[in-house]
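>>> after the sequence you'll find the predicted model.
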Amino acid sequence: AGVTTPDVTVKLYRGEETTPVQTVTLTSAGGYQGSFNGLATTDANGKKITYRVVEDDLTGYVGAQATASDGTIELTNTYQTGTLTVTKTNVAGDQALAGAIFTLTNASGQVVQTQTTDITGQAKFTGLAQGVYTLQEVQAPAGYLLNPETKTVELDRKTNYQSTVTVADELEPTGHVTITKTDTATGAVLSGAEFTLTDDKGNVVATGTTGLDGQLIFDNLTVGTYLLSETKAPMDYQLTFKPQKVTINAADHYQTTVAVKDDAIKGSLTITKVDGTTNVKLAGATFELIDANDKVVASGTTDVSGQLTFENLAIGTYTLREVSAPTGYKLATETQTVAIDSANNYQAIVTVKDDAIKGSLTITKIDSVTNTKLADATFELTDNTGKVVASGTTDASGQLTFKDLAIGTYTLRETKAPTGYDLNADSQTILINSGNDYQAVVTVKDNATPVVVPTGSLTVTKVDRATTETFPGQEYDEKDVYGKVLL
């Protein structure tokens, strides 16, 4: 059977003892011969000794032992070959099929036998070496389809070196064409593609549309050559498939599969960034575009024309988010949902408005000496064109705040001082920008107006009441109405 006999181990036992007295190994180099030497014939009591020869079991072999008249023991090991019986039937299993051809391949990939089923539907592979095989049908009976499944067959002691396999074939049907429609880039199946099948005379024999699984099957086709044409692409896809010939014949088992790929239409999004009040176009706004899977698919910044365009966008719904506003503007916190679809001809356009950041100026009016906060000081704020943009008067806490000031440079002037104070004639330059977080704070000091108090004189003459004679050298205290000494 093309199998090399392995080495054989033979043991000699005395009587019914379980421990061998000698062991020999029979090899191919020694011609599978060996001997037990120096054997005692009687025991200490002169009783004859009998011996047993036992051969170790060889997997895959059947052993036999015979003793010749000269005492030579012949051991025979017969290699067990296997048999595989294949039964070929129809799918129902009620009809045996002749004419099916099978190959049997060993574990090394070598075809060891080819057999054909007879009128009983059977084919036998005999004289097979022990091992694992693959059975495959290579030709179906006339009128039946080839069964593409292979069978694994194992022949060994566990199977008693026998195996039986039944293979069922389907009746050869009329042919069919299976069309699978997919996206060129993603491989996703596409429904809604319309196809037409015409015969070699130009007659339309079938039309249909791919289903949710992306497939369309034209069946009950007779043997011949047809022309397959895509007449309408799925929604949102380009019609790119060129007509293709398909053939229905026995060589292809009357089955033809055609894979058709279409390119998805790509869209664009144009963003225009403007001032929320003036509609002036704004450069420097950065945006991110996020797809339905929350993945950022595009990002960019508006140019000097206030525009940014994202191109080559897959059809679908996106979220547009501003991540950085132009200098001097507030970030637009609201996102926008953007659809790329046939409704907008795959070209979305959005306008995003940003409000300019507004600042404030807080003025504190104080006494230049005591730092006492002063009410009723009036101020004017002019922009860089000299236009008065705000005016007001400090409150009881000495403060005045101008709000909603555009970013820029201003001049602050005091136009009216509090009562009792001199007007501060010095103007101040005020900046509203990111350097002060758009909140300017200034303190303006006023000097109190000096108060002039009028003074007078008093002359006192001391005289004798009767004579009116004066009394020089007299001193007096001057007191106010409360009795307080003034001089």
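Received the coordinates, thanks.

>>> got the CA coordinates for stretch 356-373 in CSV?
This file holds the C-alpha atoms of stretch 356-373, laid out as CSV (Å, rounded to 0.1, in the frame of the first residue of the first chain):
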residue,chain,number,x,y,z
ALA,A,356,-19.0,92.1,17.7
ILE,A,357,-17.8,92.1,21.3
LYS,A,358,-19.0,95.2,23.2
GLY,A,359,-16.9,96.7,26.0
SER,A,360,-17.5,99.0,28.9
LEU,A,361,-15.9,102.0,30.6
THR,A,362,-16.3,102.5,34.3
ILE,A,363,-15.3,106.0,35.6
THR,A,364,-14.8,106.7,39.3
LYS,A,365,-14.8,110.4,40.3
ILE,A,366,-12.9,111.3,43.5
ASP,A,367,-11.6,114.2,45.5
SER,A,368,-7.9,114.7,44.6
VAL,A,369,-6.9,115.1,48.3
THR,A,370,-9.3,112.9,50.4
ASN,A,371,-10.2,110.4,47.7
THR,A,372,-13.8,110.9,48.6
LYS,A,373,-16.1,109.7,45.8
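
>>> mean confidence for it?
Stretch 356-373 carries an average pLDDT of 94.

>>> got the buried residues for it?
Within stretch 356-373, the residues that count as buried by 16 or more other Cβ atoms under 10 Å are 356-357, 359, 361, 363-367, 373. All C-beta spots, glycine's among them, are computed from the backbone N, C-alpha and C.

>>> tell me which element residue 424 falls in.
If you go by DSSP states H and E, residue 424 is not part of any helix or strand.

>>> if I pick it, what's in contact with it?
Contact analysis of residue 424 by Cβ atoms under 8 Å, 6 or more residues apart in numbering lists 414, 417, 444-447.

>>> next one: it from residue 180, what distance?
87 Å (Cβ to Cβ, to the nearest Å).

>>> likewise for residue 411?
Residue 411 is 76 Å from residue 180, by Cβ to Cβ.

>>> who's more crowded, those two?
residue 180 (18 against 15; other Cβ atoms under 10 Å).

>>> what about the nearest residue to residue 309 once chain neighbours are set aside, how many neighbours?
In space, and not counting its chain neighbours, residue 309 is closest to residue 270: 4.7 Å by Cβ to Cβ, 6 or more residues apart in numbering. When neighbours are counted by other Cβ under 10 Å, residue 270 registers 14.

>>> which strands and helices sit next to the helix or strand in which residue 270 is found?
Element membership of residue 270, judged by DSSP H and E, is strand 266-275. If you count contacts as 3 or more Cβ pairs under 8 Å, 6 or more residues apart in numbering; DSSP states H and E, strand 266-275 packs onto strand 307-314, strand 316-324, strand 336-340, strand 347-354.

>>> would you mind giving these as TSV with distance to residue 212 added?
Converted to TSV, the helices and strands packed on strand 266-275 look like this (distance: least, Cβ to Cβ, whole Å):
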stretch	distance to residue 212
strand 307-314	20
strand 316-324	19
strand 336-340	23
strand 347-354	28
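
>>> take these and write them to CSV, including mean neighbour count and distance to residue 24.
Formatted as CSV, those follow (neighbours: other Cβ atoms under 10 Å; distance: least, Cβ to Cβ, whole Å):
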stretch, mean neighbour count, distance to residue 24
strand 307-314, 16, 80
strand 316-324, 17, 82
strand 336-340, 17, 87
strand 347-354, 16, 92
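
>>> so for residue 13, which of the ones you listed sits nearest?
Nearest to residue 13 among these is strand 307-314 (83.5 Å), distances taken as Cβ to Cβ.

>>> then the closest one to CSV, C-alphas only?
Taking C-alpha atoms only, strand 307-314 is exported to CSV below (Å, rounded to 0.1, in the frame of the first residue of the first chain):
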residue,chain,number,x,y,z
GLN,A,307,-16.0,82.6,2.9
LEU,A,308,-14.9,79.0,3.5
THR,A,309,-15.9,76.0,1.3
PHE,A,310,-15.7,72.3,2.3
GLU,A,311,-15.7,70.1,-0.8
ASN,A,312,-15.9,66.4,-1.6
LEU,A,313,-18.4,65.8,1.1
ALA,A,314,-20.3,62.5,1.2
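
>>> other SSEs contacting it?
Partner elements for strand 307-314 (3+ Cβ pairs under 8 Å, 6+ apart): strand 266-275, strand 286-290, strand 296-301.

>>> 10 Å instead, please
strand 266-275, strand 286-290, strand 296-301, strand 336-340, strand 347-354 (3 or more Cβ pairs under 10 Å, 6 or more residues apart in numbering; DSSP states H and E).

>>> residues making contact with that strand?
183, 185-186, 236, 264-273, 281, 283, 285-289, 291-292, 297-303, 318, 320, 338, 340, 346-349, 352 (Cβ atoms under 10 Å, 6 or more residues apart in numbering).

>>> switch to 7 Å and redo it
Contact with strand 307-314 is made by 264, 266-272, 287, 289, 298, 300-302, 340, as judged by Cβ atoms under 7 Å, 6 or more residues apart in numbering.

>>> nearest to residue 430, of those residues?
Closest to residue 430, out of all of the contacts of strand 307-314 and judged by Cβ to Cβ, is residue 302, at 30.3 Å.

>>> give me the pLDDT for that closest one.
At residue 302, the pLDDT recorded in the model is 97.

>>> do the same with the one 4 residues further on
Residue-level confidence at residue 306 comes out at 96, pLDDT.

>>> so what's it up against?
Counted by Cβ under 7 Å, 6+ apart, residue 306 has contacts 272-274, 281-283.

>>> out of everything not next to it in sequence, what's closest to it?
That would be residue 281: by Cβ to Cβ, 6+ apart, it lies 2.8 Å from residue 306.

>>> with residue 261 instead?
Nearest one to residue 261, counting by Cβ to Cβ, 6+ apart, is residue 184 at 4.3 Å.

>>> ditto for residue 227
Closest to residue 227 by Cβ to Cβ, 6+ apart is residue 198, at 4.9 Å.

>>> for that neighbour, which residues are in contact?
By Cβ under 7 Å, 6+ apart, the neighbours of residue 198 are 204-205, 226-227.

>>> bridge partners for it, pull those for me.
residue 204, residue 227 (DSSP bridges).

>>> residue 367 now?
The partner residues for residue 367, given DSSP bridges, come to residue 446.

>>> hang on, it packs against residue 374?
Yes: between residue 367 and residue 374 there is a contact under Cβ atoms under 7 Å: 6.2 Å.

>>> against residue 427, how distant is residue 275?
Taking Cβ to Cβ, one finds residue 275 at 30 Å from residue 427.

>>> neighbour count for these two, which is higher?
Between residue 275 and residue 427, counted using other Cβ under 10 Å, residue 275 has the larger neighbour count: 17 against 12.

>>> the more buried one and residue 282 touch, don't they?
Yes: contact criterion Cβ under 7 Å: residue 275 and residue 282 qualify, at 6.1 Å.

>>> list residues touching both of those two?
By Cβ under 7 Å, 6+ apart, the residues touching both residue 275 and residue 282 are residue 354.

>>> which one of the buried residues of stretch 356-373 is nearest residue 330?
Residue 330 has its nearest neighbour among the buried residues of stretch 356-373 in residue 357, at 5.5 Å by Cβ to Cβ.

>>> my read: the closest one touches residue 439, true?
No: Residue 357 lies out of contact with residue 439 (Cβ under 7 Å); the separation is 10.7 Å.

>>> so, low pLDDT: which residues of this protein?
Within the chain, the ranges that satisfy pLDDT under 70 run 1-3, 452-460, 464, 471-487.
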